[in-house]
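In: Below are the sequence and a predicted model for it; my questions follow.
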Amino acid sequence: MNDESGHVDITTRLEFHDALRAAFKEFSHKGCREVFLCDEDFADWPLSDAPVLEALTSWVLPHRKLFMVARHFDEMPRKHARFVEWRRTYAHVMECKALEDDENAELPCMLLAPPVVCVRLFDPLRYRGGLTHENGDMIRNRELFDAVSQRSVESFPASVLGL
């Protein structure tokens, strides 16, 4: 449901994916310096979809930064091969971290692109959440992202060096 404030409710997996695609497209067109992505493992995100990768590619500029925090990135090569390849090309604008040892810590499921858009699932198991353009929501979610990021360590290298 869409209301006057620009809030859209999310109640299904399809609505979640549609909200993410719309958010990627919106922040790539409107521009923002930083984008924050947070999830357990991003396995259920449409990161390798052509429209998402096109949006990210058009958004990338040297002064912009994409931050990702996950519990782990183990599923990325298998589920999102095209995104992993994109990451190799644009590693200079990405910072990826994994939540270190705290298995019980809650990890929000969200895309935050202030001051443009925020998508957040409050209940990832039932796909309950929303897409919003409200500044207050973005401030609260940025604080939440920062708190999680501070407990995280560098992870998901763009390439693996071997001997």
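Out: Received it, and whenever you're ready, just let me know what you need.

In: going forward, measure contacts and count neighbours with C-alpha atoms only.
Out: Noted.

In: which residues does the residue nearest the centre of the chain form a beta bridge with?
Out: Most central in the chain under CA atoms, centre = their mean is residue 37, positioned 2.3 Å from the mean C-alpha point. Beta-bridge partners recorded for residue 37 (DSSP bridges): residue 68, residue 111.

In: okay, now residue 139: neighbour count?
Out: 14 (other CA atoms under 10 Å).

In: Quick check: buried residues in the helix or strand harbouring it?
Out: Using DSSP states H and E, residue 139 sits in helix 135-150. Residues 137, 138, 141, 142, 145, 148, 149 are the ones in helix 135-150 that count as buried (16 or more other CA atoms under 10 Å).

In: outside of it, which residues touch it?
Out: Here helix 135-150 makes contact (CA atoms under 8 Å, 6 or more residues apart in numbering) with 36, 38, 69, 97, 99, 107, 108, 112, 114, 115, 117, 118.

In: cutoff 7 Å now
Out: 69, 112, 114, 115, 118 (CA atoms under 7 Å, 6 or more residues apart in numbering).

In: Pick out the most distant pair among those residues.
Out: 69 and 115 (19.6 Å; CA to CA).

In: For the closest residue to residue 79 other than its chain neighbours, grab the count of nearby residues.
Out: Nearest non-adjacent residue to residue 79, counting by CA to CA, 6 or more residues apart in numbering: residue 43, 6.2 Å away. Neighbour count for residue 43, taken as other CA under 10 Å: 16.

In: now do residue 70
Out: The burial count for residue 70: 25, using other CA under 10 Å.

In: Touching, it and residue 36? I think so.
Out: No. Look at residue 70 against residue 36 with CA atoms under 7 Å: they stay out of range, at 11.1 Å.

In: Could you list the low-confidence segments of the protein?
Out: 1-5, 102-103, 160-163 (pLDDT under 70).

In: since we're on residue 60, how many residues are nearby?
Out: 19.

In: same check, this time on residue 56
Out: Neighbours of residue 56 (other CA under 10 Å): 21.

In: Just say helix, strand or coil for it.
Out: helix (DSSP: H, G, I helix; E, B strand; the rest coil).

In: of the buried residues of helix 135-150, closest to residue 51?
Out: residue 138 (23.8 Å).

In: all strands of this structure, in order?
Out: Secondary structure of the chain (DSSP state E): strands at 8-10, 34-39, 65-70, 94-99, 109-113, 117-123, 128-132, 152-154.

In: Out of these, which one sits most buried?
Out: Greatest average neighbour count among those goes to strand 109-113 (a mean of 25), per mean count of other CA atoms under 10 Å.
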